[in-house]
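Asker: A structural model of the following input is requested.
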Amino acid sequence: MSTTVLQDYDRHGLVWALDPASGLLVPASGRCHGFVHVLPHGTGTFAALYADDAALWLQFGERRWDGEEVTVQHVQRPDGARVVTVDHPSGPRWQTQLPPPDTGPYDPTYDWTDTLADNFFLWADEQLSDPHRRAVLRDHYRRGFAPL
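Answerer: Modelled structure (predicted):
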């Protein structure tokens with residue numbers, strides 16, 4: 001399996017190469033085949049949504065799931081912590097807890113588009129929950145796109 005070039009979800013202008021088998025993420029350049037979100041809590045952990053010739057994939061570190069079969073749930077607890085759950089028919093339920101997002105100062109214009117831009121897991125949940133969206137992403141990501 002070869003490396004896949006991905007656009008950084010949070011920092012436009014950054015491009016990464018992902019080795020899907022090892023979960024190794026290194027700086028790169030070239031046409032992108034999806035997005036990666038590098039978690040900000042300093043662990044080097046990441047989540048990615050991308051396509052290769054075979055399928056649309058969701059990956060978290062070394063764990064990888066077929067995007068056509070996976071169900072992603074993103075729940076924010078009352079204390080602000082976020083719980084991401086991945087269900088896949090060929091394996092056990094996987095779950096991780098993420099720290100609360102940094103909400104910054106109050107912004108009265110903050111809307112759903114801003115929420116999706118700030119939350120990779122919520123965006124991935126929304127994309128993977130609809131068969132039409134999955135198909136559009138898979139086709140677009142397979143062709144590749146110029147980094148932003």
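Asker: for the biggest helix by length in the chain, what is the average pLDDT?
Answerer: Longest helix of the chain, by residue count under DSSP state H: helix 131-143. Averaging pLDDT along helix 131-143 yields 92.
Asker: helix or strand for the residue nearest the centre of the chain, which one?
Answerer: Centroid check for the chain by C-alpha atoms, centre = their mean gives residue 48 as the closest residue, at 3.6 Å. Here residue 48 is covered by strand 46-51, with elements defined by DSSP states H and E.
Asker: Show me what that strand is in contact with.
Answerer: With contact meaning C-beta atoms under 8 Å, 6 or more residues apart in numbering, strand 46-51 is reached by 4, 6, 18, 23, 25, 33-39, 56-61, 67, 120-121, 124, 127-128, 137-138, 140-142. In short, each C-beta sits where N, CA and C put it, glycine included.
Asker: Relative to residue 27, how far out is the residue nearest to the centre of the chain?
Answerer: 15 Å (C-beta to C-beta, to the nearest Å).
Asker: Quick check: next helix or strand after the lowest-mean-pLDDT helix or strand in the chain?
Answerer: The weakest-scoring helix or strand in the chain, judged by mean pLDDT, DSSP states H and E, is helix 112-118 (a mean of 60). Next in sequence after helix 112-118, counting helices and strands by DSSP H and E, comes helix 120-128.
Asker: what's the angle from that next one to strand 46-51?
Answerer: Relative orientation of helix 120-128 versus strand 46-51 (axes from the mean of the first three to the mean of the last three C-alpha atoms, to 10 degrees): 20 degrees.
Asker: what about helix 120-128, distance to the chain center?
Answerer: Computed by C-alpha atoms, centre = their mean, to the nearest Å, the chain-centroid distance of helix 120-128 equals 7 Å.
Asker: cool, and stretch 84-91?
Answerer: Here the centre of stretch 84-91 is set off from its chain's centre by 15 Å, with C-alpha atoms, centre = their mean.
Asker: Equivalent analysis for stretch 61-77, please.
Answerer: 9 Å.
Asker: Report the separation between the two terminal residues of that stretch.
Answerer: End-to-end span of stretch 61-77 (C-alpha to C-alpha, to the nearest Å): 23 Å.
Asker: swap in stretch 77-86?
Answerer: By C-alpha to C-alpha, the extent of stretch 77-86 from end to end equals 17 Å.
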